[in-house]
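J.: Next comes the sequence, and after it the predicted model I'd like to discuss.
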Amino acid sequence: MAGDPVARAENVWRRSYPLWDAYFAMVLAGTVAATAADEVPPGRRTAAIGLLLLLGAAYVAIGRKALRSPDVPRPGCKVYAAALICMFVPATLLAPVTATALAALAPQVYMMYGPGRGFALLLVLLSGPVGRGLAESGASTAMTVVIVAAGIACSVLLVVFIGRMGRQNHERMRLIEELDRTRGELAEVSREAGVLAERERLARDIHDTIAQGFTSITMLLQAAEAELGPNRHLELALRSARENLAETRGLVAALAPPALDGSSLVEALRRMARDFDLPADLAVEGEPRPLDAVEIVLLRVTQEALTNVRKHAGASKVRVSLDYGDPVRLTVADDGRGFAPDGVERGFGLRGMRSRVEQAGGTFTVTVTGGTAVEAVIPCSA
């Protein structure tokens, strides 16, 4: 998906503006040509054409920007309205055929000024051709009322049409934005599902091959030690096999899917603490509640933090604390040897935990004082 959904939706709406520019240019050119061929006196004809050309220049300089602006009120709209009145109305009085330009000006006025102000401005623009036509025709008062009423009715119908078209375009823009957002969410869900599936496959393969291999080696070394008696080389090999088996099992645990399995976050954390190699306490504050996707983030952080403790800390115990406040706060602290502060960001596990928490809209900190404590703070609305 290319581009921001809102920007893409706005581009769909704005894509019609060049068409309106072309339409206005065509109508203006046709009106100028019709005025040049009109039989009015040359001086009036030339003045009317000059006013039409000035009106076109005003649209290029002011009207186009005002038409495209999302701001309310639109910049320059008052100046452009004054230009319309001062140039178009006199032109229609000089040469009635210039009223042809209303075919382009009427939609433009409603798009730029809205139904209410657009209707009022259009009545002013109509005053020139309607007044001149009525004066030259010598129509009666009743006929004048009928003609004016008919003109107002047509204008109202145009207001309704333009308004409905605008609402439909804005609704289409909203639907496109919603569709793009949904597609983005589905793509992210699909990507996350693929990542989890691949991690699960790797965990299963490592468990079925490397872990089983280390288990077999450990059993064979134990059998050899029982048969041959104490032997320094066998003891070293056995200890190395056991350490590598523990590392492999930790890797499998880190790659495996989060341990919710339909249970609550507290139950999953309690199960992780119970199965951990070292004594691990779990403290829960506040009333437990569903946290949706945040639960997966907290589980992964706990999982990775416990793996780091087992591999690097040299600790004797671990404490996992979960505070169901606002924001939710998870802390995993050990009493191990810690490490130098300048090495905090070097480990991939720490970078991965930080990335997960920040993607969920939270903050991640590491404190090294008499042990190591990692803390993830995520807003409830994340």
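T.: Arrived safely.

J.: CA only for contacts and neighbour counts going forward, please
T.: OK.

J.: Quick check: beta-bridge partners of Val320?
T.: Leu282, Val332 (DSSP bridges).

J.: Offset the numbering so it begins at 2, please.
T.: That works, and once the first residue is 2, the last one we named lands at Val321.

J.: Report the buried residues of stretch 179-196.
T.: 181-182 (16 or more other Cα atoms under 10 Å).

J.: Show me how far that stretch is from its chain's centre.
T.: Chain-centre distance of stretch 179-196: 12 Å, with Cα atoms, centre = their mean, to the nearest Å.

J.: Now do the same for it: mean pLDDT, whole number.
T.: Computed over stretch 179-196, the mean pLDDT rounds to 78.

J.: do the same with stretch 323-341
T.: For stretch 323-341, mean pLDDT rounds to 86.

J.: C-alpha coordinates for it, PDB please?
T.: Extracted C-alpha coordinates of stretch 323-341, given in PDB (Å, rounded to 0.1, in the frame of the first residue of the first chain):
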ATOM      1  CA  LEU A 323       2.700  -6.600  37.200                       C
ATOM      2  CA  ASP A 324       0.700  -3.400  38.100                       C
ATOM      3  CA  TYR A 325      -2.700  -3.100  36.500                       C
ATOM      4  CA  GLY A 326      -2.800   0.700  36.800                       C
ATOM      5  CA  ASP A 327      -2.900   3.300  34.100                       C
ATOM      6  CA  PRO A 328      -0.500   2.800  32.500                       C
ATOM      7  CA  VAL A 329       0.200  -0.900  33.000                       C
ATOM      8  CA  ARG A 330       3.600  -1.500  34.400                       C
ATOM      9  CA  LEU A 331       5.700  -4.700  34.200                       C
ATOM     10  CA  THR A 332       9.000  -5.100  36.000                       C
ATOM     11  CA  VAL A 333      11.400  -8.100  35.900                       C
ATOM     12  CA  ALA A 334      14.200  -7.700  38.500                       C
ATOM     13  CA  ASP A 335      17.000 -10.100  39.500                       C
ATOM     14  CA  ASP A 336      19.800 -10.000  42.100                       C
ATOM     15  CA  GLY A 337      22.500 -11.000  39.700                       C
ATOM     16  CA  ARG A 338      25.800  -9.400  38.800                       C
ATOM     17  CA  GLY A 339      24.400  -6.800  36.500                       C
ATOM     18  CA  PHE A 340      26.500  -5.300  33.700                       C
ATOM     19  CA  ALA A 341      28.100  -2.100  32.600                       C
END
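
J.: distance between it and the chain's centre?
T.: Worked out by Cα atoms, centre = their mean, stretch 323-341 lies 32 Å from the chain centre.

J.: ok, residues contacting it?
T.: Stretch 323-341 is contacted from outside by 283-290, 299, 303, 306-307, 310, 314-322, 369-381, using Cα atoms under 8 Å, 6 or more residues apart in numbering.

J.: where in the stretch 202-351 of the chain is pLDDT low?
T.: Residues of the stretch 202-351 of the chain meeting the criterion pLDDT under 70: 254-264, 341-349.

J.: all helices of it, in order?
T.: 213-229, 233-256, 266-276, 294-309, 349-360 (DSSP state H, counting those that start in this stretch).

J.: starting at the chain centroid, how far to the host helix or strand of Val110?
T.: In this structure, Val110 is located in helix 103-138 according to DSSP states H and E. On the basis of Cα atoms, centre = their mean, helix 103-138 is displaced by 41 Å from the centre of the chain it belongs to.

J.: Check which residues of it are buried.
T.: 103, 105-114, 116, 119-120, 122-124, 126-131, 134-135.

J.: Show me how the record splits the protein into domains.
T.: Domains of the chain are assigned by automatic domain parsing as 6-139, 260-383.

J.: mind putting those domains in TSV, distance to Leu197 included?
T.: Shown next, in TSV, are the domains of the chain (distance: least, Cα to Cα, whole Å):
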stretch	distance to Leu197
domain 6-139	27
domain 260-383	11
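
J.: just to revisit the earlier point, can you say which of the contacts of stretch 323-341 are buried?
T.: 283, 299, 303, 306-307, 310, 314, 316, 319-322, 369, 372-379, 381.

J.: quick one: low-confidence ranges for the stretch 2-151 of the chain?
T.: Using pLDDT under 70, the stretch 2-151 of the chain drops low at 2-15, 73, 129-151.

J.: As a check, name the ranges of all helices in it.
T.: Secondary structure of the stretch 2-151 of the chain (DSSP H, counting those that start in this stretch): helices at 6-15, 18-37, 43-59, 65-69, 78-95, 103-138, 142-207.

J.: Can I get these in a markdown table including distance to Gln360?
T.: Below are those laid out as a markdown table (distance: least, Cα to Cα, whole Å):
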| stretch | distance to Gln360 |
| --- | --- |
| helix 6-15 | 19 |
| helix 18-37 | 38 |
| helix 43-59 | 49 |
| helix 65-69 | 35 |
| helix 78-95 | 43 |
| helix 103-138 | 41 |
| helix 142-207 | 12 |
